[in-house]
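# Give me a model of this one.
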Amino acid sequence: MAETVYTSKNYDLSCAAECIKNQKPYEHVLSGPSQKSREFIKNVALEYLRTIGKEKFYNLLCLCIEEVISNSVKANIKRAYFLSNNLDISNPKDYEKGMKNFKEAGMGKVKDPNLVKKVNNLGLYVKMIFKIQDNTFYITTHNNSVISKEELERINKKLTLSKTQTPEQMFMNSIDPTEGAGLGIIMIKRILSQISSAPDCFSIRATNTETITELKISRD
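Next comes the predicted model:
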């Protein structure tokens, strides 16, 4: 039987607190790349951290949340950018051309009002689900710009490197000329490994319709 999820697009923290009390997942749909939405997500995370007695890791977890949100929002903006420029993101030549132009345009594209409007018109979203289950706090982020198989392979390679190499070695070996350095992914993995004993504390996977990023913080 599917879980009952309370879904919210507003900024009422009491709803999240009620979900914690009733042991129900809480879902928030981000309203674009706004700072208000990001700050609310962090406040929700703090409520959950207090529940498992790990509020002292709030600042570290916020670094991870910021990176996950940025990656998800950027993925949606990137998809809108490709469509606006008649580029097929699944075509290797179009992808290389599009990423070159997207990167040269800078991160200002993430807040480009025309692209943000395009994202909304396309029905692209970023939603985050918070829950505590089996003494573990889960933050699961869904966005419906599906990551490509090649991108997922690159990310998993970076995560594998993070298990065996020093930060200096990872920096030298994780430069990705298509997507960038990928150091944010490594940062998330290293931070979560310090504050959570869950062996799979950070993961990214894809379905046919979504990219799903999951953070796990154990109660211990």
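
# neighbours of the closest residue to K216 other than its chain neighbours, just the number please.
Spatial nearest neighbour of K216, excluding adjacent residues (Cβ to Cβ, 6 or more residues apart in numbering): A198 at 4.2 Å. Where C-beta positions appear, they are placed from N, C-alpha and C, glycine not excepted. For A198, the neighbour count with other Cβ atoms under 10 Å is 19.

# cool, the one 3 residues further on as well?
Burial measure for C201: 21 neighbouring residues, criterion other Cβ under 10 Å.

# hang on, the earlier thing: go ahead and confirm the residue nearest to K216 touches T136.
Yes: under the criterion of Cβ atoms under 8 Å, A198 makes contact with T136 at 6.0 Å.

# what is in contact with the two at once?
Shared between the contact lists of A198 and T136 (criterion: Cβ atoms under 8 Å, 6 or more residues apart in numbering) are residues 216-218.

# Which of the residues you listed fall in strands?
Counting by DSSP state E, the shared contacts of A198 and T136 place 216-218 in strands.

# ok, of those, which one's closest to D88?
Proximity of those to D88, judged by Cβ to Cβ, is greatest for K216, which lies at 35.0 Å.

# give me every residue that touches the closest one.
136-138, 192, 196, 198, 200-202.

# try it again with 7 Å
By Cβ atoms under 7 Å, 6 or more residues apart in numbering, the contact set of K216 is 136, 138, 196, 198, 200-201.

# now those in a markdown table, with distance to L63 and secondary structure?
What follows is the contacts of K216, written out as a markdown table (distance: Cβ to Cβ, whole Å; DSSP: H, G, I helix; E, B strand; the rest coil):
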| residue | distance to L63 | secondary structure |
| --- | --- | --- |
| T136 | 20 | strand |
| Y138 | 18 | strand |
| S196 | 14 | coil |
| A198 | 18 | coil |
| D200 | 19 | coil |
| C201 | 14 | coil |
